[in-house]
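In: Sequence plus the predicted model coming up.
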Amino acid sequence: MSDTPALSRIACLFTGLQRLYINLSTLGSGIPRGIAHNHVLEAIRVFPPLQYLRVRSLHSAKELHRILECHGETLKGLIIEPDIGLTRRDSLFRKSSLTFNVSDIHQLVQACPDLEELRVQIRKPTDDRHLGIYKTLGNFPKLKSLVLDLHYNPEPDSRILIGVYGRLLLKNAPADKELAVKIWDLINSSHNAHLQHLRIVPFGIMHHKETLRYCFGFLAPSFLATRSSNFDFPQPILEEIGDKERLIWMHEYPISREDGRSERNSDLDSDLVGLETMTVRSLFREMWPSAPSTLAENGLF
């Protein structure tokens, strides 16, 4: 997208447009990135009311709410995509991936009364005192399909894996079927909830070195929960998604060197990689004395 101001001028001409996908991370050159970003946000508002909107690389919930002022009442599908491809080097110059809090979700419920499909990012609660965000997601009166990206980094701006932060990060990362059922039950505890499908996708590894990404790939699988057609069986049908692909990735890029570097990253940031690897190993041994065999087999321990 090279001529972002022109998008606003022609947006109103698409009178029959129902679906729109905008990737804000691929804006063209020629004008400052921030200005181009704002041009596109205003252009989205100019389009005739949409039924389906997919947008990537929003900077804030406030930007989304500006868009929903114009499209929220007609939307049936809203896909908010995170910057899952963000590299560690990029992360030094850009904010952490956008996540939404309870207040943001409540505003979404108010702005999009006919929403049937939603993808949204939240920061995974670290304890039971903050589970209200799941219940708030159950307040959409027509929502049938939800993709929930769970960011398991408890500190939005943390970059270094040390001490208390590292321990909390690893403690917050694991996801299992028990967690998936718990989230499903909390969302469906609302009398408004009619959810049929819930996809849980842990994310947040883009800010960390390879060793930690490797660990999270093992600890945080993705799950799909589907409502059973058997009314006598209240629990959802659960399926782990991407388990074969994850194991293939883990075997393709083993942490095999003594300092924790894989062969493909052996010349990049070697000192920091080695330090982080030793920290991860130490924390794993402390938190899980019987380390998972898959991690041990691939050289993490």
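Out: Received the coordinates, thanks.
In: going forward, measure contacts between C-alpha atoms and count neighbours the same way
Out: Fine.
In: Going along the chain, name the strands of the stretch 1-150 of the chain.
Out: For the stretch 1-150 of the chain, the strands defined by DSSP state E, counting those that start in this stretch occupy 19-23, 52-56, 77-81, 117-123, 145-151.
In: Could you pull out the helices in the protein for me?
Out: For the chain, helices defined by DSSP state H occupy the ranges 4-11, 33-46, 61-71, 88-91, 102-111, 132-137, 163-172, 177-187, 210-219, 243-252, 270-287, 293-297.
In: In a markdown table: the strands of the stretch 1-150 of the chain, plus mean neighbour count, distance to Trp184 and mean pLDDT.
Out: Formatted as a markdown table, those follow (neighbours: other C-alpha atoms under 10 Å; distance: least, C-alpha to C-alpha, whole Å; pLDDT from 0 to 100):
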| stretch | mean neighbour count | distance to Trp184 | mean pLDDT |
| --- | --- | --- | --- |
| strand 19-23 | 14 | 28 | 92 |
| strand 52-56 | 19 | 24 | 95 |
| strand 77-81 | 20 | 19 | 96 |
| strand 117-123 | 20 | 15 | 95 |
| strand 145-151 | 21 | 10 | 93 |
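In: Columns distance to Leu137 on top of these, output as JSON lines?
Out: JSON lines is the format used below for these (distance: least, C-alpha to C-alpha, whole Å):
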{"stretch": "strand 19-23", "distance to Leu137": "23"}
{"stretch": "strand 52-56", "distance to Leu137": "19"}
{"stretch": "strand 77-81", "distance to Leu137": "14"}
{"stretch": "strand 117-123", "distance to Leu137": "10"}
{"stretch": "strand 145-151", "distance to Leu137": "9"}
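In: quick one on the thing from earlier: among the helices of the chain, which gets the worst mean confidence?
Out: Sorting the helices of the chain by mean pLDDT places helix 88-91 lowest, at a mean of 41.
In: ok so, going back, looking at the strands of the stretch 1-150 of the chain, which is closest to Ser282?
Out: With C-alpha to C-alpha, the closest approach to Ser282 among those belongs to strand 145-151: 23.3 Å.
In: Can you list the neighbours in contact with that closest one?
Out: 99, 116-124, 195-204 (C-alpha atoms under 8 Å, 6 or more residues apart in numbering).
In: Now do it and helix 177-187, the angle between them.
Out: Relative orientation of strand 145-151 and helix 177-187, computed by axes from the mean of the first three to the mean of the last three C-alpha atoms, to 10 degrees: 120 degrees.
In: Now that Pro49 has come up, it's in contact with Lys76, right?
Out: No: here Pro49 lies out of contact with Lys76, judged by C-alpha atoms under 8 Å, at a distance of 11.1 Å.
In: who's in contact with Ala61?
Out: By C-alpha under 8 Å, 6+ apart, the contact list for Ala61 reads Leu98, Thr99, Phe100, Asp104.
In: How much space separates Leu68 from Ala111?
Out: Per C-alpha to C-alpha, to the nearest Å, Leu68 is found 6 Å from Ala111.
In: More neighbours: which of these two?
Out: Taking neighbours as other C-alpha atoms under 10 Å, Leu68 and Ala111 compare with Leu68 leading, 22 against 19.
In: Against Leu108, how distant is the more buried one?
Out: Distance, Leu68 to Leu108, by C-alpha to C-alpha: 8 Å.
In: quick revisit: which among the contacts of Ala61 gets closest to Leu219?
Out: Distance ranking of those against Leu219, using C-alpha to C-alpha, places Thr99 first at 20.9 Å.
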